[in-house]
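> return a 3D structure for these sequence lines:
(one chain, ligands or ions: 1)
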Amino acid sequence: MEMTDMPPTNGGLRDSILDTIGDTPIVRVNRMGPKNVELYVKLEAFNPAGSVKDRFAKEAIETAETSGALSPGQTVIEATSGNTGIGLALVCAAKGYPLVVTMAENFSVERRKLMRFLGAKVVLTPASEKGSGMVAKAEELAAKHGWFLARQFENEANANVHSKTTALEIIRDFDGKGPDYWVSGFGTGGTLKGVSRIFRKACPSTKIIVTEPDNVPLLGSGIEQARDADGRPSSSHPMFRPHLMQGWSPDFVPKLAEDAQKAGVIDAFQPVSGDDALRVARDLAMKEGIFCGISGGATFAAALHVAENAPDGSRILAMLPDTGERYMSTVLFDDVSEVMTDEEMEISASTSGYRFGGSGAVAPVSTDVAKPEITRMVDKIIADEPVVLFALEWCEFCWSVRKMFAAAGISYRSVDLDSVALQTDNLGGEMRPVLREKTGAPTIPQIFVGGVHVGGATETFDAFNDGSLKTMLSEADVAFDPSMNKDAYSFLPTWLHPR
Ligand code: PMP
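All right, here's what the predicted structure looks like:
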């Protein structure tokens, strides 16, 4: 094929995941806001770990590698509201550094899981100790263990990366001139300081609008942050209150945010309420197909306020720092149903098949008969193994029984009828009619203890809960943890929970 026939690309071959950080798209918002202005959003969710903080994570590590502050294999540690930790987890995974993160417990659980999934250790700090608590804990751990502390709240790499990348990307995408208004909140102030100082030089007419939670005007109040002799915040800022925008406005004014304010680059403050942040994040999703987190909703809500008084034709750009997927457990998704809504039930009921309580598809009944040689094989397994689970590899009921056995410290053999190993000569398939004949039940799993049939998952859970399974285990000399007294049904996924 001629290379001229190829589609334009934002993709391309990259040497490393780290080469996909930055150069995020700026997208026009078409259906929200007044028509006399142009509204745009910069989608930091396009970074590989889903937030603006990927930029700092890479810069912090590479700057420290170059300066020698970080040595090969040294543990990295950082205090974070989550996104920096997720970004660092990705960068540390790609470069082979162990990572420990401290995070206040009030940030979303998705953040903890994402960091752990990427291989990081997450040390939670009490919500009552606020952002300062997680920072102090990171400092303590770094000092004690000789770990490299990334110090996002004052590390110049945090501002530098935005000067080198974010600011220039924006100026480039707005024809070398920049937008008329640039709207951003701040967490560390890295984005704010790094972008604003370039704008002041390269596009001085761009108005820099800083947004804060309406109940937490840290910068807007003009009240200075108290600091100790080393420049560290010595107490919580008097205007701090708990607020909704995870990742914004910690309980102190970070040095980088203070630098931007002292440089006189901020043209105006635009406070935003928590309700507006949520409403606008939902509107962006439903009216524009633009999916962002709470701080993104808040920043765009601020941009909509700016739009009300902006001259005709103004181009207004809001930063959307992260993806909405890390807020599913939060108030952002409170109104999003897990079960079918009345409207969805009505849609389901509008045809007769494949619905709950309807005359849907009927499972085909197997007419296979048990073969004597397979019966002997199954008998031998049941006789030889103290605890045996005839199972399907990934079926939820089987999985739940396995989880319960693991929690109770019960060793067992799982004979997975659909596993690759039992596909030879359809051995697993041939065992099904044998089991049906033996147990009188067509379902899988089927559980045997000491050669005696216990039942399927439900009967096994009942036997565990009423103590009879423990008696059977003792009689078969099978060890178990007698202190495991959880309701066996709690091991089922909630959608399978029969109670
Ligand atoms: N929004 C979210 C969700 C964040 O996690 C952060 C970073 N903590 C920000 C906004 C602010 O970015 P910055 O640290 O550059 O001020």
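> ranges for the strands of the stretch 301-450 of the chain?
315-320, 387-391, 413-416, 446-449 (DSSP state E, counting those that start in this stretch).
> just checking, residue 81 is part of a strand?
No: Residue 81 is assigned coil when assessed by DSSP: H, G, I helix; E, B strand; the rest coil, not a strand.
> excluding chain neighbours, what is closest to it?
Spatial nearest neighbour of residue 81, excluding adjacent residues (CB to CB, 6 or more residues apart in numbering): residue 247 at 4.7 Å. For glycine as for every other residue, the C-beta is placed from the backbone atoms N, C-alpha and C.
> buried residues of stretch 474-483, list them for me.
Of the residues in stretch 474-483, 478, 480 count as buried by neighbour count, 16 or more other CB atoms under 10 Å.
> contacts for that stretch?
The contact list for stretch 474-483, computed with CB atoms under 8 Å, 6 or more residues apart in numbering, reads 386, 387, 407, 408, 409, 410, 411, 449, 450, 451, 470, 473.
> for these, pick the one with the most neighbours.
Highest neighbour count within the contacts of stretch 474-483, by other CB atoms under 10 Å: residue 449, with 25 neighbours.
> how about JSON lines for the strands of the stretch 301-450 of the chain, with mean pLDDT and distance to residue 44 added?
Output for the strands of the stretch 301-450 of the chain, formatted as JSON lines (pLDDT from 0 to 100; distance: least, CB to CB, whole Å):
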{"stretch": "strand 315-320", "mean pLDDT": "98", "distance to residue 44": "6"}
{"stretch": "strand 387-391", "mean pLDDT": "97", "distance to residue 44": "44"}
{"stretch": "strand 413-416", "mean pLDDT": "96", "distance to residue 44": "43"}
{"stretch": "strand 446-449", "mean pLDDT": "98", "distance to residue 44": "50"}
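> I'd like the ones you listed written out as TSV, with distance to the ligand added.
Shown next, in TSV, are the strands of the stretch 301-450 of the chain (distance: least, CB to the nearest ligand atom, whole Å):
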stretch	distance to the ligand
strand 315-320	8
strand 387-391	42
strand 413-416	42
strand 446-449	47
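> surely the residue nearest to residue 81 meets residue 82?
Yes: contact criterion CB atoms under 8 Å: residue 247 and residue 82 qualify, at 7.0 Å.
> in this structure residue 438 contacts residue 455, no?
No: Residue 438 is beyond contact range of residue 455, at 11.8 Å (criterion: CB under 8 Å).
> find residues that contact each of these two.
Listed as contacting both residue 438 and residue 455 by CB under 8 Å, 6+ apart are residue 446.
> count the neighbours of residue 58 for me.
Neighbour tally, residue 58, other CB under 10 Å: 26.
> and if you look at residue 93?
Other residues close to residue 93 by other CB under 10 Å number 17.
> pull the contacting residues for it.
With CB under 8 Å, 6+ apart, residue 93 has these contacts: 118, 119.
> interface residues of this structure facing the ligand?
Taking CB under 6 Å from any ligand atom as the contact definition, the chain meets the ligand at 51-53, 81, 83, 185-192, 246-248, 293, 295, 321-322.
> helices - which of those land there?
Among the residues of the chain next to the ligand, the members falling in helices (DSSP state H) are 53, 83, 190, 191, 192, 295.
> list the contacts for the spatially closest residue to the fourth one that is not a sequence neighbour?
Just to be clear, that refers to residue 191. Excluding the flanking residues, the one nearest residue 191 by CB to CB, 6+ apart is residue 162, at 5.2 Å. Going by CB under 8 Å, 6+ apart, residue 162 touches 55, 190, 191, 193, 194, 195.
> output the residues you listed as TSV; include the columns pLDDT, distance to residue 333 and neighbour count.
Output for the contacts of residue 162, formatted as TSV (pLDDT from 0 to 100; distance: CB to CB, whole Å; neighbours: other CB atoms under 10 Å):
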residue	pLDDT	distance to residue 333	neighbour count
55	98	27	25
190	98	28	33
191	98	25	29
193	98	32	26
194	98	31	26
195	98	30	29
